[in-house]
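Asker: have a look; sequence and predicted model below, questions after that.
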Amino acid sequence: MGRRFFVGGNWKLNGSRASIQELLEAWGKADLDKSVEVVISPPAVYADFLRANMPAEFGLALQNVYKEGSGAFTGENSADMALDVGADWVILGHSERRSIFGESNELIGEKTAYCLGKGIKVIACVGEQLEEREAGNTQAVVETQLKAIAAKVSDWSKVVIAYEPVWAIGTGKTASPEQAQEVHASIRAWLSKEVSATVAAETRIIYGGSVKPSNCAELGKQEDIDGFLVGGASLKPDFTTIINAQKA
Ligand SMILES: O=C(CO)COP(=O)(O)O
């Protein structure tokens, strides 16, 4: 089975009704590659509006949810609520959640278990910091993060792994296609060893970190890069160029 190319737009804490309107117009006008799975992840307050107004074939993701469905957890959102407003996916373990909000591998594992149990799909993020790469620990860091997530997954068709080297996020410093490919291949090898050869062959591993219209085609050509998780460039009308990266 071929791996369907996946392009996610992670808006982070950005966007407004007005900016969303501009994007809706750009997406409506573009000739988009229908073979690509597109998933947009707005701030949760805009999720309902986006679901009602964006192309029906686009998927919707929340950027984070809590590990419980409801209760006294001021400020949180849940997988149950995400599903209720038509979301198909959640992003879990993003490096900003890990570093700014102190999320541990353990908590990310618990969230993964909760979401998959509820039937919402998970974009699971992993990636090393610059010091970790420079110390030669990239693989060990990524594997530790993966292990905490993999322990909670029984159906891998509901999971996409996003490799996002922290030093490449929002910095304009993209990993080279070779650097990204090397880690993607090692993640696939890890899946093969720790889960199964079939899961390794079928699970999509997407790259995130300063993906732009100008570098997406080269990255997308790498054997083990099955798509992108795009931050800043997903807020611009020419995000459509990234969706169409494989046509370039
Ligand atoms: O964190 C990212 C996507 O989740 C990447 O962000 P940038 O594309 O802005 O570097």
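Answerer: Cool, the structure landed.
Asker: use CA for all of it now, contacts and neighbours both
Answerer: Noted.
Asker: what parts of the chain come near the ligand?
Answerer: With Cα under 6 Å from any ligand atom as the criterion, the chain comes near the ligand at residues 10, 169-170, 208-211, 229-233.
Asker: how about low-confidence regions in the protein?
Answerer: 1 (pLDDT under 70).
Asker: what about the most far-flung residue of it relative to its centre, distance to the ligand?
Answerer: No residue in the chain sits farther from the centre than residue 72, which is 27.9 Å out by Cα atoms, centre = their mean. Distance from residue 72 to the ligand, counting by Cα to the nearest ligand atom, to the nearest Å: 28 Å.
Asker: that residue falls within a helix, correct?
Answerer: No. Counting by DSSP: H, G, I helix; E, B strand; the rest coil, residue 72 falls outside a helix, being coil.
Asker: distance of it relative to residue 79?
Answerer: According to Cα to Cα, to the nearest Å, residue 72 stands 15 Å off from residue 79.
Asker: cool, residue 226 as well?
Answerer: Residue 226 sits 25 Å away from residue 79, going by Cα to Cα.
Asker: now residue 17
Answerer: Between residue 17 and residue 79 the computed distance is 24 Å (Cα to Cα).
Asker: quick one, which of these two is more surrounded?
Answerer: residue 79 (28 against 10; other Cα atoms under 10 Å).
Asker: among the residues of the chain next to the ligand, which lie within strands?
Answerer: 10, 208, 229-230 (DSSP state E).
Asker: can you flag the buried ones in these?
Answerer: Those of those that meet the buried threshold are 10, 208, 229-230, by 16 or more other Cα atoms under 10 Å.
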